[in-house]
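Q: No letters, just coordinates:
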């Protein structure tokens, strides 16, 4: 159990309290970020980074030049 200051009056209230004992203000809820929202975004960024690294290799550049020569 931790104590946080009340956003209305500034007195210390418990994190488990439903309201401030001094002024009756209801504490603001903290937003928790869901990991399952960030997981697809992280995988997408990792996929792009992997493509950038692999796509800039000398072998990939040589294959691209060969494809351009065929066209």
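A: Sure thing, it's come through. If you're wondering where the values come from, they're calculated on a predicted model, not measured in any experiment.
Q: Can you report how many residues lie near residue 39?
A: Using other C-beta atoms under 10 Å, residue 39 is surrounded by 10 other residues. From N, CA and C alone the C-beta is placed, and that goes for glycine too.
Q: My error: substitute residue 70 in the last question.
A: Neighbours of residue 70 under the rule other C-beta under 10 Å: 6.
Q: Can you give me the distance of it to residue 59?
A: Distance of residue 70 to residue 59, given as C-beta to C-beta, to the nearest Å: 17 Å.
Q: Same check on residue 44?
A: For residue 44, the distance to residue 59 equals 25 Å [C-beta to C-beta].
Q: Kindly report the same for residue 1.
A: Distance from residue 1 to residue 59, counting by C-beta to C-beta: 60 Å.
Q: what about the longest helix in this structure?
A: Across the chain, the helix with the greatest residue count (assigned by DSSP state H) is helix 35-55.
Q: following it, which helix or strand comes up?
A: Past helix 35-55, further along toward the C-terminus, the next helix or strand under DSSP states H and E is helix 58-70.
Q: Measure how that next one sits relative to helix 35-55, angle-wise.
A: 70 degrees (axes from the mean of the first three to the mean of the last three C-alpha atoms, to 10 degrees).
Q: quick one: average confidence on helix 58-70?
A: Confidence over helix 58-70 (mean pLDDT, whole number) is 87.
Q: With stretch 17-31 instead?
A: 84.
Q: Residues contacting it, please?
A: 4, 6-9, 11, 13, 15 (C-beta atoms under 8 Å, 6 or more residues apart in numbering).
Q: Most neighbours of all those residues, which one?
A: Ranked by neighbour count under the definition other C-beta under 10 Å, the contacts of stretch 17-31 are headed by residue 13 with 23 neighbours.
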